[in-house]
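A.B. asks: fold the stuff below for me.
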Amino acid sequence: MRSLARDLIGNLHPRWEHVQAVGRAMEVLVDDPSHDLPEDLVYAAWLHDVGYAAALEVTLCHAIDGAIFLQALGLPPDVVSLVAWHTGAAWEASVRDVSDDLEAFTPPPDGLLDVLNFVDLTTGPDGATTEVDTRISEILERYDVEHPVHRSVTNSAAALRTSAARARARLVSR
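C.D. replies: As a prediction, this is how the structure comes out:
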């Protein structure tokens, strides 16, 4: 999965640094038997942002575009759904008017999306560990207020914080 991600977005900096850090952080979590997390989370972590590759653009919603590509490759359904629905994708799909494209993918299993969201939201664009609120603020600062990403993160911020908090609680309690 690393090599596929590298082939698709390894030239997109700092996005590639972010993806590598998310992938490595998820490997650590999944390798810890006390968390009881499936390997599909590692694959989804490494592949969560492949939809940013220009060659994969279909809807301009990177989560959906990545999922479309991964589904065509025949990756496991949980990996595809995690990529499709990660980190506020439903809100971005709504803002971009592509919710029907997202809903073609079954939502991921309970709790797994929270873990992916948590790792994504606690990893900065350069790969450094950060806090959820800092990451949300960074995303909002990076995009103009009229940009679909800014609008969707504004709309989803409370839900993203809640998702990350559920994952943090799950990971700390084990």
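
A.B. asks: count of neighbours near H48?
C.D. replies: H48 is flanked by 30 other residues according to other C-beta atoms under 10 Å. Any C-beta I mention is one placed from the backbone N, CA and C, and that applies to glycine too.

A.B. asks: ok, now F118?
C.D. replies: For F118, using other C-beta under 10 Å, the count is 25.

A.B. asks: quick check, it in a strand?
C.D. replies: No - applying DSSP: H, G, I helix; E, B strand; the rest coil, one finds F118 to be helix, outside a strand.

A.B. asks: if I look at it, how far off is E92?
C.D. replies: When distance is defined by C-beta to C-beta, to the nearest Å, F118 is 18 Å away from E92.

A.B. asks: look up how far A157 lies from S34.
C.D. replies: Relative to A157, and taking C-beta to C-beta, S34 is found at 30 Å.

A.B. asks: show me what contacts the residue lying closest to G124 once chain neighbours are set aside?
C.D. replies: The shortest distance from G124 to any non-neighbouring residue, by C-beta to C-beta, 6 or more residues apart in numbering, is to T130 (4.3 Å). For T130, the contact set (C-beta atoms under 8 Å, 6 or more residues apart in numbering) comprises 122-124, 138.

A.B. asks: please flag which of those residues sit within strands.
C.D. replies: Applying DSSP state E to the contacts of T130, no entry is found in strands.

A.B. asks: now do the contacts for the residue nearest to the spatial centre of the chain.
C.D. replies: Nearest to the mean C-alpha position of the chain, by C-alpha atoms, centre = their mean, lies H86 at 4.1 Å. Listed by C-beta under 8 Å, 6+ apart, the contact set of H86 reads 44, 48, 63, 113, 116-117, 120.

A.B. asks: ok, M1 next?
C.D. replies: Contacts of M1 (C-beta under 8 Å, 6+ apart): 23, 42-43, 46-47.

A.B. asks: between these, which sits nearest S173?
C.D. replies: If you rank the contacts of M1 by distance to S173 using C-beta to C-beta, V42 comes first, at 21.2 Å.

A.B. asks: many thanks, have a good one.
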